[in-house]
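> pasting the structure only:
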């Protein structure tokens, strides 16, 4: 979470395209409920967290959702698919274009705003959360992957339940 | 909360009407009339008799306000309350309500106000006890205006609350006649002291969710081990809380508080597995078992003790994840659940990491607790459709005695035994 790291390089145009591909493809996989694809956007040891801004600003370590590595992400996916008793719903993510803070040792420091909305049967679509993805991203194969993704969300108060990653 | 409708006079007046209109159905505490979850008059009566009555509501942890002037905003019932550390080390509490024009004058969720508070509207100032200490232009300006000469600041201030503290936990009451906290907790005191053993606490962080159901359904959920054994795939498949383990349900003498006590088990036996077949996944394995690498940290065999402390607190100890769950009612059909996760100041970094990992089980996105918040919303939907339905609570018999097993709804019955008395229904 070295948001203030001094950049040593800037991404190429091609890398910027790859970066936005990563952000949009990851959101689309979740929106389309292809949950098994989700851990594949991350490096094996990547950290994934969803954190209220309150904890983030106070320096408190507790997360709404906390996965250390793809194994824990896969366990969360299994729970969503097989364990959780939830009312059926459609979740949709709106992720703004990536804003690159800099590149350090081959890792891009990235920010992107995100809005997560959900739609349940017989109800109006409502906002689950708005926040900022604090991403660290690296080249991998012909594209990019997450080294770390921390979604810092604005409103401590959340509606009813949060049933999927952001 | 901007989207929280304020209680109005028509609803307040309805509290008396509800008591005159409503009769508890035959069967006493083995039946629960659905209208107690939906009737605005009953809700208003609850605010008066329960949350503003002779009860101790959880307010905050002392670890949140270590220094003079440190404060947090909390709630007692639906009312906003300021909890603050005074200069002599004591803890003060007062309603967030200016003595002048009623403004909820403390507007940050937490902070430090070593010099006291000031209402932004007309700059009335307050000390750390909530007493009014000054009014601008009190004597007027150049002989004109100002407060009448006989106007006194004595006794003016934000409405004060009673404060009780035990081992780092702060409880609040609007009622000066409330009994001492230790007597109030009664036979549950040793369970309270099991987690709050005098060690300094450390707050790990907060989550909050606004759940569209009546507040009592949350309280009942933690008095109901029956559901835990059949609903929560995650709990039962990994043996974290299961009816085939040595367990107990205990209440205090009044029935208002309770504790569910159990221990982690291995493979379920045949009889238990048959009853839990819908949701028991014997083959369920984690790819990363670090989530459930539990370290024993309390004496005795219990690995989970869930306490409900009337009227607004659930103390969660499931494996190594500890949390206060504060209930804030927001109307008959909605409440806020405010989670404060904590550990101890002497925790190793490894223990803190373990608590953070296991927190995945709990909270608004919890692998276990999401089942509950979802089923609570579904409950409220059904209850609102059928307010004249009398709900059945006979699992484990019809009495209200402690039981040494989990196949029971006895703690819900005990809760309603007390509720009927307090509400005069």
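Structure's in. What do you need? Treat the numbers as computed from the prediction; the structure is a model and nothing was measured.
> spell out which residues of chain A are next to chain B.
Chain A comes close to chain B at residues A:50, A:52, A:54-55, A:58, A:60-69, A:71-72, A:74-76, A:78-79, A:82-87, A:156-163, as judged by C-beta under 8 Å from any C-beta of the partner chain. Glycine gets a C-beta too; all of them are placed from N, C-alpha and C.
> again, only this time at 7 Å
Along chain A, the residues adjacent to chain B under the rule C-beta under 7 Å from any C-beta of the partner chain are A:52, A:54-55, A:60-66, A:69, A:71-72, A:74-75, A:79, A:83-87, A:156-163.
> check which element follows the lowest-mean-pLDDT helix or strand in chain A along the chain.
For chain A, scoring each helix and strand by mean pLDDT, DSSP states H and E identifies strand A:99-104 as the least confident one, at a mean of 94. Counting by DSSP states H and E, the next helix or strand C-terminal to strand A:99-104 is strand A:107-120.
> outside of that following strand, which residues touch it?
Strand A:107-120 is touched from outside by A:3, A:5, A:11, A:19, A:23, A:87, A:89-102, A:125-138, A:147, A:151, A:166, with contacts defined as C-beta atoms under 7 Å, 6 or more residues apart in numbering or on different chains.
> rerun that using 6 Å as the cut-off
If you take C-beta atoms under 6 Å, 6 or more residues apart in numbering or on different chains as the criterion, strand A:107-120 is touched by A:11, A:23, A:87, A:89-96, A:98-102, A:125, A:127-133, A:135-138, A:147, A:166.
> whichever of those end up buried, select them in PyMOL.
The buried subset of these, as determined by 16 or more other C-beta atoms under 10 Å in any protein chain shown, is captured in PyMOL by this line:
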select buried, chain A and resi 11+23+87+89+91+92+93+95+98+100+101+102+128+129+131+132+133+135+136+137+138+147+166
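> what ranges does chain B have for its helices?
B:9-21, B:40-46, B:181-185, B:189-195, B:215-221, B:225-230, B:233-237, B:270-275, B:349-358, B:369-385, B:410-423 (DSSP state H).
> off-centre distance for the fourth one?
For helix B:189-195, the distance between its averaged C-alpha position and the chain's averaged C-alpha position is 16 Å (C-alpha atoms, centre = their mean, to the nearest Å).
> do the third one as well
For helix B:181-185, the distance between its averaged C-alpha position and the chain's averaged C-alpha position is 16 Å (C-alpha atoms, centre = their mean).
> what residues of that helix count as buried?
Result for helix B:181-185 [16+ other C-beta under 10 Å]: buried residues B:181, B:184-185.
> what mean pLDDT does that helix get?
Model confidence over helix B:181-185, given as mean pLDDT, is 98.
> low pLDDT regions in the stretch 1-150 of chain B?
Applying pLDDT under 70 to the stretch 1-150 of chain B flags the ranges B:1-13.
> strands of that one, start to end?
Using DSSP state E, counting those that start in this stretch, the strands assigned to the stretch 1-150 of chain B run over residues B:31-33, B:57-61, B:70-76, B:79-85, B:91-95, B:110-112, B:117-118, B:125-126, B:132-134.
> max-length helix in chain A?
Longest helix in chain A by number of residues, with DSSP H as the criterion: helix A:13-31.
> would you mind listing the buried residues in it?
Of the residues in helix A:13-31, those with enough neighbours to count as buried (16+ other C-beta under 10 Å) are A:15, A:18-20, A:22-23, A:26-27, A:29-30.
> quick check: the gap between the closest residue to residue A:127 other than its chain neighbours and residue A:128.
Using C-beta to C-beta, 6 or more residues apart in numbering or on different chains and skipping residues adjacent in sequence, the residue nearest residue A:127 is residue A:117, 5.4 Å away. Computed as C-beta to C-beta, to the nearest Å, the residue A:117 to residue A:128 distance reads 6 Å.
> okay then, goodbye and thanks.
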